[in-house]
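Enquirer: any chance you can model this:
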Amino acid sequence: MTIILHDLVGADATRPFSPHCWKTAMALAHKGLPFERRNVCFTKVPEVEGGASKTVPVIRDGSQVVADSFLIAAYLEETYPDRPSLFGGEGGQAMARFIEAWTQSVLHAALGVIALKDIHDILAPEDQAYFRQSREARMGKTLEQVTERRDAEIEGFSAKLTPLRVMLKSQPWIGGSSPLFCDYIVFGALQWARVTSTAKLLEEGDAVTEWFNRCLDLHDGLGRSVPPAG
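Expert: Sure, this is the predicted structure:
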């Protein structure tokens, strides 16, 4: 049975961009599970699966509906134990929680500024209004005021990747000899920027760039199925 993945898109339905939905898409592909992406825009998320969640991703697997990318990964691991592991054991799942916390507190914090206006601009008009109102209320500033920090965030972004860069000197993946869900967590953040923004964040020849390119090639080039912004 094909799993349904409710996936966030803007005005162009062929360009899913949510970092969390990308994590789930990569996790499903890692498990070798057939899935169908169902496009949803910001203002329609509350209607997904009868209001199952305020955010996406949400999956439907037969009668089971699961929301939240990490909870979805844990569900897939438990439900399909005979397929390739997303965590490599209990310790790997706990470690992935740290990677998630680091990614969201450090990388997403910067990318949320760098790509903020870009994301707004790729949305349909009704979603632009929602995005502006919700983000400005959350940040206490206009989108334009927030993006005044954009150049500084771009300049400082490479340094935020130092822990990953150093680790890649000793192993090819965050998961070790092969990718695990922890890799998809960081990949989702960088894919978010790749799909929405033309900001140059990764340098040729850098270990992180090489790792990201390997991620893009995984699962028959799933990440490359959406071209970069620009």
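Enquirer: from here on, contacts and neighbour counts on C-alpha atoms
Expert: Will do.
Enquirer: state the distance from residue 155 to residue 132.
Expert: Residue 155 sits 25 Å away from residue 132, going by Cα to Cα, to the nearest Å.
Enquirer: which of the two has more residues huddled nearby?
Expert: Neighbours were tallied for residue 155 and for residue 132 using other Cα atoms under 10 Å; the higher tally belongs to residue 132 (16 against 11).
Enquirer: in the helix or strand harbouring that one, what counts as buried?
Expert: Assigned by DSSP states H and E, residue 132 belongs to helix 125-139. For helix 125-139, burial by neighbour count (16 or more other Cα atoms under 10 Å) applies to 127-128, 131-132, 136.
Enquirer: hmm, who's touching that helix?
Expert: Contact partners of helix 125-139, identified using Cα atoms under 8 Å, 6 or more residues apart in numbering, comprise 10, 41-43, 120-121, 142-143.
Enquirer: check stretch 85-101 too.
Expert: Residues contacting stretch 85-101 (Cα under 8 Å, 6+ apart): 27, 30-31, 73, 77, 175, 180-182, 185-186.
Enquirer: just how off-centre is the strand or helix carrying residue 78 within its chain?
Expert: Following DSSP H and E, one finds residue 78 within helix 69-79. The chain centre lies 16 Å from the centre of helix 69-79; the measure is Cα atoms, centre = their mean, to the nearest Å.
Enquirer: do a quick rundown of the helices in this protein.
Expert: Applying DSSP state H to the chain gives helices spanning 19-30, 69-79, 90-102, 108-114, 116-121, 125-139, 143-146, 150-160, 162-167, 181-196, 207-221.
Enquirer: would you reformat those as a markdown table and include distance to residue 63 and mean pLDDT?
Expert: As requested, the helices of the chain are exported to a markdown table (distance: least, Cα to Cα, whole Å; pLDDT from 0 to 100):
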| stretch | distance to residue 63 | mean pLDDT |
| --- | --- | --- |
| helix 19-30 | 17 | 98 |
| helix 69-79 | 13 | 98 |
| helix 90-102 | 25 | 98 |
| helix 108-114 | 33 | 98 |
| helix 116-121 | 33 | 98 |
| helix 125-139 | 30 | 97 |
| helix 143-146 | 40 | 97 |
| helix 150-160 | 41 | 98 |
| helix 162-167 | 38 | 98 |
| helix 181-196 | 24 | 98 |
| helix 207-221 | 26 | 98 |
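Enquirer: I'd like to know which of these is closest to residue 52.
Expert: Across the helices of the chain, residue 52 has its closest neighbour in helix 69-79 (13.4 Å, Cα to Cα).
Enquirer: same for the closest one, what does it pack against?
Expert: helix 19-30, strand 58-61 (3 or more Cα pairs under 8 Å, 6 or more residues apart in numbering; DSSP states H and E).
Enquirer: paired strands for the last one, with orientation please.
Expert: Just to be clear, that refers to strand 58-61. strand 3-8 (antiparallel), strand 64-67 (antiparallel) (DSSP bridges).
Enquirer: quick one, which of those strands is packed in tightest?
Expert: Comparing those by mean neighbour count (mean count of other Cα atoms under 10 Å), strand 3-8 comes out on top with a mean of 22.
Enquirer: report the angle between that one and helix 19-30.
Expert: If you take axes from the mean of the first three to the mean of the last three Cα atoms, to 10 degrees, strand 3-8 sits at 160 degrees to helix 19-30.
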